[in-house]
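J.: Return a 3D structure for these sequence lines:
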Amino acid sequence: MGDKLQKLIAAYEELEKRMVDPAVVSDPKEYARVAKEHANQAELVAKAREYLTALDDIEVAKEMLHEETDPDEKAMLQEDLAANEAKLPDLEAEIKIMLIPGDPNDEKDTIVEIRAGVGGDEAAIFAGDLYDMYHRFATAHRWKIEVLSSSPSEAGGFKTIEFKVTGEKVYSVMKYESGVHRVQRIPKTESQGRIHTSTATVAVLPEADEIDIQIAEEDLRIDTYCASGPGGQGVNTTYSAVRITHLPTNTVVQSQDQRSQIQNREVCMQMLRARLYEMELERQQAEQGAERLAQIGHGNRSEKIRTYNQPQDRVTDHRIGFNGTYNGVLMGDTLQGVIDALAAADRAQQLAEAV
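T.: Next comes the predicted model:
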């Protein structure tokens, strides 16, 4: 491990030199890229230096012990030697985790789609509850939420809602939320007190830049229509709503919530790039086998990942058997605890594979 860490430190020091190179400083994009890479490596390099220093101190203490004759000095050297040897295993374990390649999408903003599933009106209400949960969660993290498209339900909640979440390392946190969410509770409209089971699907897509996904204009069919509200109420009489179909994949996106046709078209293109990027990621994972995803789930919309049981005041994440309280999670207060447990399981799985 020592040689690998020496190379890592050398590469980090090379980044430091590049950050003061006039050619890099004069190029804002390149400087931002180098500075970001430098910042991302800082904690790992600090641990690497601490590990290598401990190794050097151990060698020095052993040499001095071999030559030292004074009992008191020998005792002090033995204490130093034992202390450095004791901290090596923990440092090594931390470094191994840090050396696991990060998800290249972790730094990206996300587009989240929530869609009511089985359960009629109650499913739409539950989809609305999930949106409120993520909104509160995002607010606590000082992230920004922007609704891109929505289809409200007359009973409350949403048939579908898509929104963009912008902030620091959003995808690294939100990616664990993809899948089928199931709720078991007594609906407000239930007169006999029977428990109903409803579902909603959540898809978390890393936002794709134009350089990530190239879309040819001839591959698109763009339709415009008048925006409408719940129950078919007319919102306006201009053709501001936009529907875009990507012909090669038959992927359809639409937006009517923005004020102009130009804004709705841009929102559609954001959603389309994200969905095509998701398809490409799924294709790559299928080629690689994606064994580690068995631990945290594939994030597919067909996979049941979590059950919210109101009568038992329990939320169970089925991927790792983690239990939380119904109100705590659904209010967004303890959702971070569930995500932390999923992230820890993910890291443990990756570390086991690396070993």
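
J.: Going by the annotation, which residue ranges form each domain of the chain?
T.: By the assignment in automatic domain parsing, the chain contains the domains 2-99, 107-207+295-355, 213-288.

J.: I'd like those domains as CSV, with mean neighbour count appended.
T.: Placement of C-beta: from N, CA and C, glycine included. Shown next, in CSV, are the domains of the chain (neighbours: other CB atoms under 10 Å):
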stretch, mean neighbour count
domain 2-99, 13
domain 107-207+295-355, 18
domain 213-288, 15
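
J.: how about these in JSON lines, adding mean pLDDT?
T.: As requested, the domains of the chain are arranged in JSON lines below (pLDDT from 0 to 100):
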{"stretch": "domain 2-99", "mean pLDDT": "87"}
{"stretch": "domain 107-207+295-355", "mean pLDDT": "88"}
{"stretch": "domain 213-288", "mean pLDDT": "79"}
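
J.: Wait, residue 146 touches residue 161, no?
T.: No. Residue 146 lies out of contact with residue 161 (CB atoms under 8 Å); the separation is 11.7 Å.

J.: Return the list of helices and strands in contact with the biggest strand by length in the chain.
T.: In the chain, taking DSSP state E as the definition, the longest strand is strand 196-206. Packing contacts for strand 196-206, counted by 3 or more CB pairs under 8 Å, 6 or more residues apart in numbering; DSSP states H and E, involve strand 110-116, helix 121-140, helix 170-174, strand 179-185, helix 261-288.

J.: Show the subsequent helix or strand relative to it.
T.: Downstream of strand 196-206, the first helix or strand assigned by DSSP states H and E is strand 220-225.

J.: Mind giving me the packing neighbours of that next one?
T.: strand 241-246.

J.: who are the neighbours of the strand it packs on, in terms of helices and strands?
T.: Strand 241-246 sits against strand 220-225, strand 251-255, helix 261-288, with contacts defined as 3+ CB pairs under 8 Å, 6+ apart.

J.: nearest to residue 240, of those?
T.: Between residue 240 and the helices and strands packed on strand 241-246, the shortest gap by CB to CB is with helix 261-288, which sits at 4.7 Å.

J.: ok and that closest one relative to strand 220-225, angle-wise?
T.: Note on geometry: by axes from the mean of the first three to the mean of the last three CA atoms, to 10 degrees, helix 261-288 and strand 220-225 are set 140 degrees apart in direction.

J.: Need the helices and strands packed on strand 196-206 in CSV (columns: distance to residue 319).
T.: CSV is the format used below for those (distance: least, CB to CB, whole Å):
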stretch, distance to residue 319
strand 110-116, 19
helix 121-140, 17
helix 170-174, 15
strand 179-185, 8
helix 261-288, 16
